[in-house]
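Enquirer: what follows is a predicted structure for the sequence shown.
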Amino acid sequence: MQPSTLVPDGAEVVLESIRSDRSSITLLVHAARSQAICPHCQQPSTRIHSHYERNLADLPWNGIPVRIRLRSRRFFCVTPGCGQRIFTERLPNTLAPYARRTKRLNQTLEGFALAVVRPVPDWRDRSVS
Ligand SMILES: [Zn+2]
């Protein structure tokens with residue numbers, strides 16, 4: 001079991017601030033690294049194209065819903081000959097591409113789903129005592 005942390009992966013994202021109201025908590029985070037790897041040529045780039053915000057659901061804190069506002073970046077690939085001109089940074093330990101939930105929330109929900117769909121023994125099976 002991994003230790004609990006405020007953010008999904010402290011090596012990938014940095015916590016900027018925490019906001020809360022009566023019904024929810026919002027974590028404002030950004031990527032920890034100053035560069036990103038182009039998914040096409042696997043070369044690093046530090047040349048930022050633009051910023052945008054992603055909103056993600058995260059694990060609740062003591063029953064209170066938690067949202068993550070991730071300030072994400074698009075980079076230019078500067079590798080000559082690479083077919084990928086612009087790409088979005090990846091944070092594989094925090095979220096999947098296009099995800100609306102953090103990876104750790106998905107893993108928790110998958111665990112619940114597996115517990116619910118576990119096969120029930122057939123009452124007609126006489127070999128079970
Ligand atoms: Zn590239």
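Expert: That came through, no problem.

Enquirer: all strands of the chain, in order?
Expert: Counting by DSSP state E, one finds strands in the chain at the ranges 13-20, 25-31, 36-37, 44-45, 48-61, 64-76, 86-88.

Enquirer: export the ones you listed to TSV and tack on mean neighbour count and mean pLDDT?
Expert: In this view, the C-beta of every residue, glycine as well, is placed from N, C-alpha and C. As requested, the strands of the chain are exported to TSV (neighbours: other C-beta atoms under 10 Å; pLDDT from 0 to 100):
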stretch	mean neighbour count	mean pLDDT
strand 13-20	14	95
strand 25-31	19	96
strand 36-37	19	96
strand 44-45	18	97
strand 48-61	14	96
strand 64-76	17	96
strand 86-88	17	97
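
Enquirer: now those strands as TSV including distance to Arg124?
Expert: As requested, those are exported to TSV (distance: least, C-beta to C-beta, whole Å):
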stretch	distance to Arg124
strand 13-20	52
strand 25-31	49
strand 36-37	55
strand 44-45	61
strand 48-61	40
strand 64-76	43
strand 86-88	53
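
Enquirer: mind checking which of those is nearest Asp125?
Expert: Proximity to Asp125 (C-beta to C-beta) singles out strand 48-61 among the strands of the chain, at 37.9 Å.

Enquirer: touching the ion at all, stretch 75-93?
Expert: Yes: counting by C-beta under 5 Å from the ion, the ion is contacted by stretch 75-93 at 77, 79, 82, 84.

Enquirer: got a list of what the residue nearest the centre of the chain touches?
Expert: What sits nearest the mean C-alpha location of the chain, by C-alpha atoms, centre = their mean, is Leu95, with 2.1 Å. Contact criterion C-beta atoms under 8 Å, 6 or more residues apart in numbering gives 8, 54, 56, 70, 101-103 as the residues in contact with Leu95.

Enquirer: let's go with 10 Å and repeat that
Expert: Neighbour list for Leu95: 8-9, 12-13, 54, 56, 58, 68, 70, 72, 101-106 [criterion: C-beta atoms under 10 Å, 6 or more residues apart in numbering].
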